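Participant: No letters, just coordinates:
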């Protein structure tokens, strides 16, 4: 690595926590910004597919998470009106022993929060990012709802969820292709 980057990560959820941990572990200076006053899991549960299992294995926490999961051998969804099959996945057909796991979001979140705690990450709670600016050197500065400035950063990662208002504030547009 030529030099460590200064990275701002917005959102202390699954994506933000994982990204922050990996970047800090690799020697970058990470500031993790979260609008909530305390970090807690939101939502009921997730279906942990093979790709998620691979990421958790890479992070070294898969075994810890799986201790609190329920294995799912088959996923079968039907249309409520017609009864026709919408999706049917028998995990073992792909590879013997292959399965998904049902996991409470709290189990997953605690494992990731604990990983964040192992690194020198500047965690700033109650910091709702509402705007970005560029300084004369082209670096990104983030402004929160209280008017405080955070940065400068070489890179910003937005892991602030599917209902993000930040993307619009940054001028990003999402488009669904038909």
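Facilitator: Perfect, I can see it now. Because the structure is predicted, anything quoted here is derived from the model rather than measured.

Participant: in the protein, which spans are strands?
Facilitator: 6-10, 29-33, 45-48, 70-72, 74-78, 85-90, 100-104, 121-124, 129-134, 140-144, 149-153, 155-158 (DSSP state E).

Participant: For those, please prepare TSV with the additional fields distance to residue 111 and mean neighbour count.
Facilitator: Just so you know, the C-beta spots here come from the backbone N, C-alpha and C atoms, and that holds for glycine as well. Shown next, in TSV, are those (distance: least, CB to CB, whole Å; neighbours: other CB atoms under 10 Å):
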stretch	distance to residue 111	mean neighbour count
strand 6-10	18	24
strand 29-33	16	23
strand 45-48	11	17
strand 70-72	16	13
strand 74-78	23	11
strand 85-90	25	11
strand 100-104	10	19
strand 121-124	16	18
strand 129-134	25	16
strand 140-144	27	18
strand 149-153	26	18
strand 155-158	20	18
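
Participant: Is it possible to get a markdown table of these that adds distance to residue 115 and mean pLDDT?
Facilitator: Shown next, in a markdown table, are these (distance: least, CB to CB, whole Å; pLDDT from 0 to 100):
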| stretch | distance to residue 115 | mean pLDDT |
| --- | --- | --- |
| strand 6-10 | 13 | 96 |
| strand 29-33 | 12 | 97 |
| strand 45-48 | 16 | 91 |
| strand 70-72 | 23 | 95 |
| strand 74-78 | 28 | 93 |
| strand 85-90 | 29 | 94 |
| strand 100-104 | 16 | 95 |
| strand 121-124 | 10 | 98 |
| strand 129-134 | 22 | 91 |
| strand 140-144 | 23 | 94 |
| strand 149-153 | 21 | 96 |
| strand 155-158 | 16 | 91 |
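
Participant: Reformat the ones you listed as TSV; add distance to residue 61.
Facilitator: Shown next, in TSV, are the strands of the chain (distance: least, CB to CB, whole Å):
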stretch	distance to residue 61
strand 6-10	19
strand 29-33	18
strand 45-48	12
strand 70-72	18
strand 74-78	24
strand 85-90	25
strand 100-104	12
strand 121-124	16
strand 129-134	27
strand 140-144	29
strand 149-153	27
strand 155-158	20
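
Participant: I'd like to know which of those is closest to residue 169.
Facilitator: With distances scored as CB to CB, the stretch of the strands of the chain nearest to residue 169 is strand 129-134 (5.7 Å).
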